[in-house]
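**Student:** the amino acid sequence is not available; the structure is as follows:
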C-alpha cells in the first residue's frame, strides 16, 4: 500500500522517471519464485546453493529462492517428478533410475561430477583392493544410491560377489558398527564416517569407487521437463548463479562454511565441514576431462550410463543421452579447481 501511494505521488510530480527509480529500488519487484529441494539437511552437499544465496547471486538473477531440506535423493527426485518442487539436488544415480521408469525429469547441471563414496574400513583391516572384499562383511544402507557403484566395482574387478556378506544397515549405525568391528567395512561418504571416527581417535582408510571402475556423475541439479520448457530463462539464471556459488566455495571454503552455519546453526561443526569440504568434496567438483563446473566430459557420462545399465537393466528410451541436458548451462563456465 505504501509503495502504491508513493508511485502515485511520483507520477503526479515528475512522471515516469520517478517510477523507474521506485522500481529499481524495490528488489521484490519482478523476482520470480523458485523452490529447490535439497538431497538432505543443509551441509557440504548443497554448500554452493547456500553460499550463492548468501552472496546475493540469486537475487541478482531476479530469483526469489526458497531452499527446502530433503529426505534423500530418491525422495527429492520423486518430488521433482511430481511437480511439487521446481529444482532438486539429488544423486545422479537416483534421479536417472526414476527417469528410466518414465519420470519426466532431467539432470541440468552436475554439482559434484564424481561421488565421494567408497568402501571405508579401519586402517588395520586387510582391505586395499576390491578382491580383498571376498570373505568380508560389508554394511550398505538399504536402497542407497551407492549400491550400483558397489555392484559395478565388484563386477569389473573380478570379485566373487557370492563370497561377500552384505549387511543391510542404516547409515546412522555405521560409526558404531565399524568402531566396534562388527563389520569389516561400510559403503559410505568420507564425511559421514571417516571424519567422525577420526575425532574419536579411530584411523580409517577408503577404497574409492571412482578409482575402481565406477567414476559416475554425482550430486546434480534436476528439474521436470515441462517446467524447463515453460521457463528456460529462469532455469538458466538459476544454474548460472549456483555454479558461481560453487566457484566462490572453491575460492574461499572457510567463508562458505561460515555462511552455511550462520544460516543453518544445526549443521555439522565447522571443523568437520571444513575437513570434509577441503579433503573430500572439492576434489570431486570436476571429473576427468571436464570443461568446467557443471559439465562433465562425454566419457564420464558414457561410463555413468554403462554403470547404471548394469544395475537397472535398462535406462529407458534413448539411454543416458536422454537423461541429462546441457542446454541450461552458461556459455562461460566457471573453471575447475
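**Tutor:** Alright, I've got the coordinates. Everything quoted here is computed from the prediction, not taken from an experiment. Numbers count the residues shown, from 1 in each chain.
**Student:** quick one, helices of the stretch 51-200 of the chain?
**Tutor:** 57-60, 73-82, 92-99, 147-156, 174-179, 190-199 (DSSP state H, counting those that start in this stretch).
**Student:** to residue 286, which of these lies closest?
**Tutor:** Across the helices of the stretch 51-200 of the chain, residue 286 has its closest neighbour in helix 92-99 (14.7 Å, Cβ to Cβ). Any C-beta I mention is one placed from the backbone N, CA and C, and that applies to glycine too.
**Student:** what is that closest one packed up against?
**Tutor:** helix 73-82, strand 105-110, strand 219-224, helix 298-312 (3 or more Cβ pairs under 8 Å, 6 or more residues apart in numbering; DSSP states H and E).
**Student:** tell me the most buried of the ones you listed?
**Tutor:** Of all the helices and strands packed on helix 92-99, strand 219-224 carries the top mean neighbour count, a mean of 27, counting by mean count of other Cβ atoms under 10 Å.
**Student:** by how many degrees do that one and helix 73-82 diverge?
**Tutor:** 20 degrees (axes from the mean of the first three to the mean of the last three Cα atoms, to 10 degrees).
**Student:** centre of the chain to stretch 250-257, how far?
**Tutor:** 17 Å (Cα atoms, centre = their mean, to the nearest Å).
**Student:** list the buried residues of that stretch.
**Tutor:** By neighbour count on 16 or more other Cβ atoms under 10 Å, the buried set for stretch 250-257 is 250, 253, 256, 257.
**Student:** residues contacting that stretch, please?
**Tutor:** 47, 50-51, 248-249, 270, 273-274, 277-278, 282, 285, 337 (Cβ atoms under 8 Å, 6 or more residues apart in numbering).
**Student:** kindly recompute the last result at 10 Å.
**Tutor:** For stretch 250-257, the surrounding residues in contact (Cβ atoms under 10 Å, 6 or more residues apart in numbering) are 43-44, 47-48, 50-52, 54-55, 245-246, 248-249, 258-259, 267-274, 276-278, 281-282, 285-286, 293, 334-337.
**Student:** now do the strands in this structure.
**Tutor:** Taking DSSP state E to define them, one finds strands in the chain at 32-37, 63-68, 87-91, 105-110, 117-122, 137-140, 165-168, 185-189, 204-208, 219-224.
**Student:** distance to residue 325 and mean pLDDT added to those, as a markdown table?
**Tutor:** Listed next are the strands of the chain as a markdown table, based on distance: least, Cβ to Cβ, whole Å; pLDDT from 0 to 100:
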| stretch | distance to residue 325 | mean pLDDT |
| --- | --- | --- |
| strand 32-37 | 18 | 98 |
| strand 63-68 | 20 | 98 |
| strand 87-91 | 14 | 96 |
| strand 105-110 | 5 | 98 |
| strand 117-122 | 25 | 96 |
| strand 137-140 | 31 | 97 |
| strand 165-168 | 35 | 96 |
| strand 185-189 | 27 | 95 |
| strand 204-208 | 28 | 96 |
| strand 219-224 | 9 | 98 |
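**Student:** so which of those is the most surrounded?
**Tutor:** strand 87-91 (a mean of 29).
**Student:** now the helices and strands packed on helix 92-99 in JSON lines, with distance to residue 144?
**Tutor:** Output for the helices and strands packed on helix 92-99, formatted as JSON lines (distance: least, Cβ to Cβ, whole Å):
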{"stretch": "helix 73-82", "distance to residue 144": "9"}
{"stretch": "strand 105-110", "distance to residue 144": "19"}
{"stretch": "strand 219-224", "distance to residue 144": "14"}
{"stretch": "helix 298-312", "distance to residue 144": "12"}
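**Student:** nothing else from me, thank you.
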